[in-house]
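the following comprises the amino acid sequence and a computationally predicted model.
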Amino acid sequence: MKKGTVFFVVCILLISAAGVTGKILSDHKVRCLTQELADLKGKTATLQADITDLQGKVADLEKSFPVPVVGVASWYGNWEERVGNKTANGEVFRKDGYTVAHRTLPFGTILLIENVENGRIVPAVVNDRGPYIEGCEIDLTEGLAKRLGFIQQGLVEVRYFALFVPDASPFGVLMR
């Protein structure tokens, strides 16, 4: 006998002695498994294409949303002098109004402002120009300062972004 044949017979005897029985896959079963594997590869490719498409849509959506600005906010401290006077856009100043002053944003821009320290959030509309304090990004009414919880401090770090910019598409990116 040849060495290969002897080895094969010994292996069969050892497997039989151990009580292990192996199943030999039929040609039909192999073809079925091969087809299932091909189907899975096809589904994986389709799924990967769907994931890539969704990632593209998310990236486009992220580009269309506003970019938050982080800066220091102050509040109008001399409101007694301002009550009844007009703001830069012609509206009558109200110390408890939901309005703010910003140097460059168009009048009518709707902002969402968050106090970074305590997480309080308020909406506001730009209707005035300012602030005139160096290092400040935005100037709020006393009412907004109370709602954001920084009336005692006078200045606070805020995060804000535009929800609407007049004469621009909704969710416009903040102009600096």
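Noted; the coordinates are in hand. Numbering: from 1, shown residues only.

quickly find the element holding Lys95.
Under the criterion of DSSP states H and E, Lys95 resides outside all helices and strands.

one more: Leu144?
helix 142-148.

check which residues of the top strand by length along the chain are buried.
Across the chain, the longest stretch assigned as strand under DSSP state E is strand 155-164. With burial defined by 16 or more other C-beta atoms under 10 Å, the residues of strand 155-164 counted as buried are Val156, Val158, Arg159, Tyr160, Phe161, Ala162. All C-beta spots, glycine's among them, are computed from the backbone N, C-alpha and C.

for it, name the packing helices and strands.
strand 69-75, strand 110-115, strand 136-140 (3 or more C-beta pairs under 8 Å, 6 or more residues apart in numbering; DSSP states H and E).

can you tell me which of these is most buried?
The highest average neighbour count among those, using mean count of other C-beta atoms under 10 Å, belongs to strand 136-140 at a mean of 22.

given it, what are its sheet partners and their directions?
Paired with strand 136-140 in the same sheet, following DSSP bridges, are strand 69-75 (parallel), strand 99-102 (antiparallel).

what's the following helix or strand after the worst-scoring helix or strand of the chain on mean pLDDT?
In the chain, no helix or strand scores lower on mean pLDDT, DSSP states H and E than helix 3-18, which sits at a mean of 58. Using DSSP H and E, the helix or strand that follows helix 3-18 towards the C-terminus is helix 27-64.

for that next one, what is the average pLDDT?
The average pLDDT for helix 27-64 rounds to 77.

export stretch 39-57 to CSV, keeping only CA atoms.
What follows is stretch 39-57, C-alpha atoms only, in CSV (Å, rounded to 0.1, in the frame of the first residue of the first chain):
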residue,chain,number,x,y,z
ASP,A,39,-27.1,36.4,-2.4
LEU,A,40,-25.6,37.7,0.9
LYS,A,41,-22.8,39.4,-1.0
GLY,A,42,-25.4,41.1,-3.3
LYS,A,43,-27.4,42.2,-0.3
THR,A,44,-24.2,43.5,1.4
ALA,A,45,-23.4,45.5,-1.7
THR,A,46,-26.9,47.0,-1.8
LEU,A,47,-26.8,47.8,1.9
GLN,A,48,-23.4,49.4,1.5
ALA,A,49,-24.8,51.5,-1.4
ASP,A,50,-27.8,52.5,0.8
ILE,A,51,-25.4,53.5,3.7
THR,A,52,-23.3,55.6,1.3
ASP,A,53,-26.4,57.3,0.0
LEU,A,54,-27.6,58.0,3.6
GLN,A,55,-24.2,59.4,4.6
GLY,A,56,-24.4,61.8,1.6
LYS,A,57,-27.9,62.9,2.6
